[in-house]
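1. sequence first, predicted coordinates after that:
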Amino acid sequence: MGKKKQAAKKAAAENGISTEMYQAQKAANQATDAIADVMTPEDNVGDRHPRPDYPRYRVRPGHPIVLTDLDPNESNAYQNKKDAEQELERQRQRLQELQARLFAEQKQSLLIVLQAIDTGGKDGTIKSVFQGVNPQGCQVWSFKQPSVEELNHDFLWRYHQRTPGRGMIAIFNRSHYEDVLVTRVKQLVPEQIWRGRYQLINEFEHMLALNHITVLKFFLHISKDEQKRRLESRLAEPDKRWKFSINDVKERLLWDDYQIAFQDALNSCSTEYAPWYAIPANKKWYRNLVVARTIADTLESMNPQYPAEPPGLNEIVIPD
């Protein structure tokens, strides 16, 4: 028996597991470390101090955040929308090129999760950031109240079906986190149920990451005053009234409960392999820029490549 096998057997025995299980866990740990490297894109794209400074918004494991300490009006070094327009367009161009490479490569994929309080800007973020991205390689899924069939399965079942295939980008407009947000705030399930879901979500996202699905999550953080302004805007403008629901007013009464639920979800489920970013979102133009830059850098860190061309292409003559 070789020295490596002997060492593996000894380590397995010390941990009370089989050698095969020990080796499987070691392989998974190594893969997780590699994923964690990808998920710090500022280290991989040649810009340790990116502008905007999106790494500052990453929720780091072991360093819990307090949402009331985060300023939703922040805009870093940018003063106004015009100041950010050129940079946002540059990031869109990067996204288009990187998405084309991801789609052509067909080896890995990207799942983007967007969560926010009502009027937080999920729809607007998708519309702005993904301008020009080839729709063949990008899908958006919105999750409403679950159907009877979905309720007859485990809470992750309907989300797993919508995770992206190889080469694809999938965007979850609301997501599996609803099951530790709405269900918690409205007391739809006992605490022991929703609290246990944090670990299940982490395991689910870990499984996705180990299967070449990069998981990137954004919480769009707005203030209560900003939400009021946006709701009043929907009422004041006829072409926006279709967006308004009386339920928005009822949900607003639960603002503090939702903020606590969001905060706990971010702190419990931001991991090295599937990080949360808490994005200041009162200023829509800044929100869009930060999300676009974070996604573009993460895609570049994933390093998708066009497939090698088949041999002999230079000798092909297209007939008249």
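-> Looks like it arrived, so ask away.
2. please make it C-alpha for all contacts and neighbour counts, starting now.
-> Fine.
3. give me the beta-bridge partners of residue 171?
-> residue 112, residue 140 (DSSP bridges).
4. mind checking pLDDT for it?
-> With respect to pLDDT, residue 171 has a value of 98.
5. is it in contact with residue 114, as I believe?
-> Yes - the criterion here is Cα atoms under 8 Å, and residue 171 meets it with residue 114 at 7.4 Å.
6. where does the stretch 201-320 of the chain dip in pLDDT?
-> Applying pLDDT under 70 to the stretch 201-320 of the chain picks out no residues at all.
7. strands of that one, start to end?
-> 213-221, 276-280 (DSSP state E, counting those that start in this stretch).
8. any chance of those in TSV, plus distance to residue 203 and mean neighbour count?
-> Shown next, in TSV, are the strands of the stretch 201-320 of the chain (distance: least, Cα to Cα, whole Å; neighbours: other Cα atoms under 10 Å):
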stretch	distance to residue 203	mean neighbour count
strand 213-221	12	23
strand 276-280	15	25
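9. including distance to residue 318, could those go into a markdown table?
-> What follows is these, written out as a markdown table (distance: least, Cα to Cα, whole Å):
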| stretch | distance to residue 318 |
| --- | --- |
| strand 213-221 | 39 |
| strand 276-280 | 50 |
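10. how about these, which one is nearest residue 143?
-> strand 213-221 (15.6 Å; Cα to Cα).
11. ok now that closest one, how far from the chain's centre?
-> The chain centroid and the centroid of strand 213-221 are separated by 2 Å under Cα atoms, centre = their mean, to the nearest Å.
12. over to stretch 243-258?
-> 24 Å.
13. what's the answer for stretch 300-312, then?
-> On Cα atoms, centre = their mean, the centre of stretch 300-312 falls 25 Å from the chain's centre.
14. kindly report the same for stretch 186-202.
-> Relative to the centre of its chain, stretch 186-202 is centred 20 Å away, using Cα atoms, centre = their mean.
15. between the two ends of stretch 230-249, how far is it?
-> Terminal residues of stretch 230-249 are spaced 12 Å apart (Cα to Cα, to the nearest Å).
16. apologies, that question was intended for stretch 34-42.
-> 15 Å.
17. in that stretch, which residues are buried?
-> 35-42 (16 or more other Cα atoms under 10 Å).
18. just stretch 115-125 next, same as before
-> So for stretch 115-125, counting by 16+ other Cα under 10 Å, buried means 115-122, 125.
19. need the buried residues of stretch 34-42 in a markdown table with pLDDT, can you?
-> Formatted as a markdown table, the buried residues of stretch 34-42 follow (pLDDT from 0 to 100):
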| residue | pLDDT |
| --- | --- |
| 35 | 95 |
| 36 | 96 |
| 37 | 96 |
| 38 | 96 |
| 39 | 97 |
| 40 | 96 |
| 41 | 96 |
| 42 | 95 |
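20. could these be laid out in TSV, adding secondary structure and distance to residue 183?
-> Formatted as TSV, the buried residues of stretch 34-42 follow (DSSP: H, G, I helix; E, B strand; the rest coil; distance: Cα to Cα, whole Å):
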residue	secondary structure	distance to residue 183
35	helix	31
36	helix	30
37	helix	33
38	helix	32
39	coil	29
40	coil	32
41	helix	33
42	helix	35
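21. tabulate those residues (CSV), appending distance to residue 259.
-> Listed next are the buried residues of stretch 34-42 as CSV, based on distance: Cα to Cα, whole Å:
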residue, distance to residue 259
35, 30
36, 28
37, 30
38, 29
39, 26
40, 26
41, 28
42, 29
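22. for residue 198, state which of these is nearest.
-> Nearest member of these to residue 198, counting by Cα to Cα, is residue 36, at 19.4 Å.
23. pull the contacting residues for the closest one.
-> Counting by Cα atoms under 8 Å, 6 or more residues apart in numbering, residue 36 makes contact with 272-273.
24. how near is it to residue 77?
-> 28 Å.
25. ok, now residue 124?
-> 22 Å.
26. and residue 59, what is it in contact with?
-> 65, 266-267, 270, 275-278.
27. spatially, which two of those are the most separated?
-> 65 and 275 (13.1 Å).
28. the more surrounded of these two?
-> residue 275 (22 against 18; other Cα atoms under 10 Å).
29. three-state assignment of residue 47?
-> The local conformation at residue 47, judged by DSSP: H, G, I helix; E, B strand; the rest coil, is coil.
30. buried sites along stretch 78-97?
-> Applying 16+ other Cα under 10 Å to stretch 78-97 flags 84, 87-89, 91-96 as buried.
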